[in-house]
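[1] Sharing a sequence plus its predicted fold:
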Amino acid sequence: MRRSPTPTQASAPRDANYGVAFMGIFSRTRDIIAANFTDMLDKADDPTKMIRMIILEMEETLVEVRASAARTIADQKEMHRHTVKLERLQADWSDKAQLALSKDREDLARAALVEKKKAGDMADQLKQEIAVLDDALRAYEQDIEKLQVRLREARSRQTAIAARLESAENRVKLRSLMTNERVDEALTRFDQLERRVDYAEGRADALSIADGSGKPSLSDEIAALAGKDQIDDELAEMKRALGLSDQDDTKEG
């Protein structure tokens, strides 16, 4: 009777490597999730460069975690297929054992039952490995969700740092401009120009006084009279409101 290679034996080297890779990614993912961004940025000489490195590391780790999750799902499907094959193999060995026993070949029946048990043990082992992969998948899902949250946080920090850096650079440019000698020279020229204007206006006023043109014009005198009448009317109105107008008239009489 021909024996098929066991699924566990065929996939043993790959499973060993998979376990090492899984633990490496798992450890790095946990380190990233637990990282204190604020402390790292405060200690960094170049926070902008540091946040870029953090985001790059997280993006690479997220890709690796997703790839590992995909490989885990593929491994599960393959194990399920082997489990189905082993269950069929058990049924086949059971039928052969019954056939041998019906032909009075108890030795062959016993050997068939031994093979059936081997297939059953392999199926049980695969089911245990599938359960382990189920736990790994749940861990991957949680890690992916947490990594996405931290990645959004890091990108938000990157935007804030970029805004602060731009603001700081603009302040430096402004202060450099304000302390520039050319700016000081321009302001001095403005002061000189204002003094020249003041001097010119003063000369014009002095000349108008000297030639008599500083006297009020006819229009100015008429406007002053109109203003005086308005003040007299307002003063009379206030006296009437206070009851002083009658008394003043009596006194005058």
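    Yep, that arrived.
[2] rest of the way, CA atoms for contacts and neighbours
    Fine.
[3] in stretch 45-53, what's buried?
    Buried residues in stretch 45-53, counted by 16 or more other CA atoms under 10 Å: 47-48, 50-51.
[4] before we move on, what about stretch 147-158?
    147-148, 150-151, 154, 157-158.
[5] ok, then the element right after the helix or strand of the chain with the lowest mean pLDDT?
    Every helix and strand in the chain was compared by mean pLDDT, DSSP states H and E; the lowest is helix 7-34, with a mean of 50. Following helix 7-34 in sequence order, the next helix or strand is helix 37-43 (DSSP states H and E).
[6] Moving C-terminal from that following helix, which element do we reach first?
    Heading C-terminal from helix 37-43 (DSSP H and E), you reach helix 47-102.
[7] Tell me what angle whichever helix or strand comes after that following helix forms with helix 47-102.
    Using DSSP H and E, the helix or strand that follows helix 47-102 in sequence is helix 106-178. If you take axes from the mean of the first three to the mean of the last three CA atoms, to 10 degrees, helix 106-178 sits at 170 degrees to helix 47-102.
[8] Who are the packing partners of helix 106-178?
    Of the remaining helices and strands, those touching helix 106-178 by 3 or more CA pairs under 8 Å, 6 or more residues apart in numbering; DSSP states H and E are helix 7-34, helix 47-102.
[9] which regions of the stretch 151-253 of the chain sit below the pLDDT cut-off?
    Applying pLDDT under 70 to the stretch 151-253 of the chain flags residues 169, 172-187, 190, 199, 201, 203-221, 223-228, 245-253.
[10] Just name the closest of the buried residues of stretch 147-158 to E234, please.
    R157 (68.7 Å; CA to CA).
[11] rewinding a little: distance to R88 added to the buried residues of stretch 147-158, as CSV?
    Below are the buried residues of stretch 147-158 laid out as CSV (distance: CA to CA, whole Å):
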residue, distance to R88
L147, 42
Q148, 43
R150, 47
L151, 47
A154, 52
R157, 57
Q158, 57
